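# any chance you could fold what I've pasted below:
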Amino acid sequence: ILLDKDGKRKHTRPTFSGQQIFALEKTFEQTKYLAGPERARLAYSLGMTESQVKVWFQNRRTKWRKKHAAEMATAKKKQDSETERLKGASENEEEDDDYNKPLDPNSDDEKITQLLKKHKPGGGGLLLHPAEGEASA
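Numbering: from 1, shown residues only. Here you go, the predicted structure:
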């Protein structure tokens, strides 16, 4: 037992064995809260006090909530960025109604070439109608 400078008992942090922690973690996976009798049985089987088991579960729930909240925040950020990406893609489609309309057979080749350049990288090199006298590839 440790004493502080005034001669009062000083609380020391308990160290749990690997077996105790393993059993506590396994129990925590099954249930996040222990009722009194369950806590008493677990404490007895592990050679711990009920108070130690109770505090361990309180601390473990806090750790679990923090981790769960962080995972949820990460998932939300990922979802938000995907939503923004899709929103941006749909805005581009709305801005360029010409690209989504069927082609007019009488339309200008230059207009078609510009649409292809805008929507497909390298698509601008496509020759739709060879000029008279040129052989098609």
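
# need the contact list for residue 11.
Shown in contact with residue 11 (CB atoms under 8 Å, 6 or more residues apart in numbering): no residues. Where C-beta positions appear, they are placed from N, C-alpha and C, glycine not excepted.

# let's see 10 Å
Counting by CB atoms under 10 Å, 6 or more residues apart in numbering, residue 11 makes contact with 2, 4.

# and for residue 61?
Applying CB under 10 Å, 6+ apart, one finds that residue 61 lies in contact with 28, 32, 33.

# quick one: what helix or strand has it in it?
helix 50-95 (DSSP states H and E).

# so how far is residue 79 from residue 72?
Going from residue 72 to residue 79 by CB to CB, to the nearest Å gives 10 Å.

# and of the contacts of residue 61, the nearest to residue 86?
Of all those, residue 86 sits closest to residue 32, with 36.1 Å by CB to CB.

# quick one: the closest one is in a helix?
No. With DSSP: H, G, I helix; E, B strand; the rest coil as the criterion, residue 32 is coil rather than part of a helix.

# which residues of this structure score low on pLDDT?
Filtered on pLDDT under 70, the chain yields the residue ranges 1, 89-107, 115, 119-137.

# try it again with 50
The chain contains residues with pLDDT under 50 at 123-125, 137.

# what's the burial count for residue 34?
Residue 34: 21 surrounding residues under other CB atoms under 10 Å.

# verify the contact between it and residue 41 for me.
Yes. Applying CB atoms under 10 Å, one finds residue 34 in contact with residue 41, separated by 9.1 Å.

# shared neighbours of the two, anything?
In contact with both residue 34 and residue 41: 50, 53, using CB under 10 Å, 6+ apart.
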